[in-house]
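> Sequence first, predicted model second:
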Amino acid sequence: MSRLTVRKAVIPAAGLGTRFLPATKASPKEMLPLVDKPLIQYTVEEAVASGIEDIIVITGRGKRAIEDHFDRSVELEENLKGAGKSQLLNQIRQISNLANFCYVRQTEALGLGHAVLCAQHLIGDEPFAVILGDEIIDAAVPALAQLLHVYKKRHGAVLGVQEVPKQDVSRYGIVSPKRLARGLHRVEDLVEKPAPADAPSTLAVIGRYILPPEIFTILRKTAPGKNGEIQLTDALTTLAKKSRMFAYEIKGQRHDAGDKLGFLIATVEFALKNPSLGAEFSDYLLSRARMLSDDRRK
């Protein structure tokens with residue numbers, strides 16, 4: 001297998017989803033519906049559209065709904081078939097045929113770095129992608145495909161980044177960049193959640209990565225950081241000092257669906273684009289906006 005061929009993607013999905021409690025007490029955050037599909041399905045579809053064949057989902061306790069969603073449901077299919085709902089039947093069948101799925105349970109919440117490390121035995125000696133499922137990127141060219149294009153040309157790890165406001169840098173891993181071309185940078189260093197005054201740039205890592213298998217050796221040697229977790233950013237910082245690493249400014253509209261407000265905004269944006277709901281939903285929003293405006297004038 002060529003070291004320039006990326007066939008596998010890791011989707012960490014073992015988090016507790018505490019920012020969405022109580023909704024996520026018994027249901028995985030990744031299964032929250034964004035209009036008519038769960039969040040994780042958008043992530044999987046992006047990976048498949050980018051040429052990924054194998055999806056490795058890192059799960060935890062209480063996450064069986066994710067496995068069930070991408071598995072066949074014979075009873076449901078028979079019900080839809082008997083009801084003559086062929087279009088819906090085809091949609092349901094397509095879900096389980098999207099890719100080859102494999103599930104690995106992360107037995108302890110030891111951080112994103114540890115979640116990635118859980119997939120080592122399935123990745124082997126191949127480059128691979130990592131996609132964070134609560135970062136939804138609406139793009140004409142899939143976000144992961146954009147990174148893969150850079151990887152094939154530059155032959156080094158690639159991080160997806162976007163500019164964020166200076167006051168928000170403390171929420172992200174921030175790269176120290178050396179500009180190579182428009183939207184493309186060499187990564188000289190990374191800083192996890194810096195104070196605005198200490199940030200080397202406003203380029204934030206946004207949950208899309210193409211990584212070489214060497215990252216596993218580094219992760220095994222990475223000491224736990226904040227909250228006793230193995231931070232992927234710490235391992236990436238070490239990797240950047242040993243080999244080439246690039247940051248690419250992803251083109252597309254990013255939604256932080258791991259945040260309640262971000263999730264609501266994403267819901268509105270995707271609902272407006274939905275062919276069966278968009279026009280009617282737009283009319284509702286306009287009428288609601290007029291009502292609010294009238295209330296403020298009173």
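Alright, I've got the coordinates.
> what sits opposite V158 in the beta ladder?
I210, F246 (DSSP bridges).
> Look up how far L190 lies from it.
Distance, V158 to L190, by Cβ to Cβ, to the nearest Å: 13 Å. C-betas here are computed from N, CA, C, even on glycine.
> more crowded one of those two?
V158 (29 against 24; other Cβ atoms under 10 Å).
> so who does that one touch?
Residues near V158 by Cβ atoms under 8 Å, 6 or more residues apart in numbering: 147-148, 150-151, 209-210, 245-248.
> which residues touch the helix ranked longest in the chain?
If you go by DSSP state H, the chain has its longest helix at helix 278-297. Residues from elsewhere that reach helix 278-297 (Cβ under 8 Å, 6+ apart): 268, 271-272, 274.
> Only whichever of these are buried, select them in ChimeraX.
To isolate the buried ones among those in ChimeraX, judged by 16 or more other Cβ atoms under 10 Å, type:
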select :271
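> Can you pick out the most distant pair from the contacts of helix 278-297?
Spatial extent of the contacts of helix 278-297 (Cβ to Cβ) is set by the pair V268 and N274 at 10.8 Å.
> ok, which stretches of the stretch 151-298 of the chain are strands?
Ranges of strands in the stretch 151-298 of the chain, per DSSP state E, counting those that start in this stretch, are 157-163, 173-181, 184-192, 203-211, 245-249, 253-256.
> Could you list the domains of this protein?
With domains defined by automatic domain parsing, the chain comprises 8-258, 259-298.
> can you redo those as JSON lines with mean pLDDT?
Below are those laid out as JSON lines (pLDDT from 0 to 100):
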{"stretch": "domain 8-258", "mean pLDDT": "92"}
{"stretch": "domain 259-298", "mean pLDDT": "91"}
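> about what we covered before: restricting to C-alpha, output the longest helix of the chain in PDB.
Below are the C-alpha coordinates for helix 278-297, written out as PDB (Å, rounded to 0.1, in the frame of the first residue of the first chain):
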ATOM      1  CA  GLY A 278     -36.000  25.100   3.300                       C
ATOM      2  CA  ALA A 279     -38.600  27.400   1.700                       C
ATOM      3  CA  GLU A 280     -41.300  26.900   4.400                       C
ATOM      4  CA  PHE A 281     -38.700  27.200   7.200                       C
ATOM      5  CA  SER A 282     -37.400  30.400   5.700                       C
ATOM      6  CA  ASP A 283     -40.900  31.800   5.600                       C
ATOM      7  CA  TYR A 284     -41.300  30.900   9.300                       C
ATOM      8  CA  LEU A 285     -38.000  32.600  10.300                       C
ATOM      9  CA  LEU A 286     -39.000  35.800   8.400                       C
ATOM     10  CA  SER A 287     -42.400  35.900  10.100                       C
ATOM     11  CA  ARG A 288     -40.800  35.300  13.500                       C
ATOM     12  CA  ALA A 289     -38.200  38.000  12.800                       C
ATOM     13  CA  ARG A 290     -41.000  40.500  12.000                       C
ATOM     14  CA  MET A 291     -42.900  39.600  15.200                       C
ATOM     15  CA  LEU A 292     -39.800  40.200  17.300                       C
ATOM     16  CA  SER A 293     -39.100  43.500  15.500                       C
ATOM     17  CA  ASP A 294     -42.700  44.600  16.100                       C
ATOM     18  CA  ASP A 295     -42.400  43.600  19.800                       C
ATOM     19  CA  ARG A 296     -39.300  45.700  20.200                       C
ATOM     20  CA  ARG A 297     -41.100  48.800  18.800                       C
END
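> Report the spatially nearest residue to the most centrally placed residue in the chain, omitting neighbours in sequence.
Nearest to the mean C-alpha position of the chain, by Cα atoms, centre = their mean, lies L132 at 2.6 Å. Of all residues not flanking L132 in the chain, G207 sits nearest, at 3.2 Å (Cβ to Cβ, 6 or more residues apart in numbering).
> any idea how far that neighbour is from P22?
For G207, the distance to P22 equals 25 Å [Cβ to Cβ].
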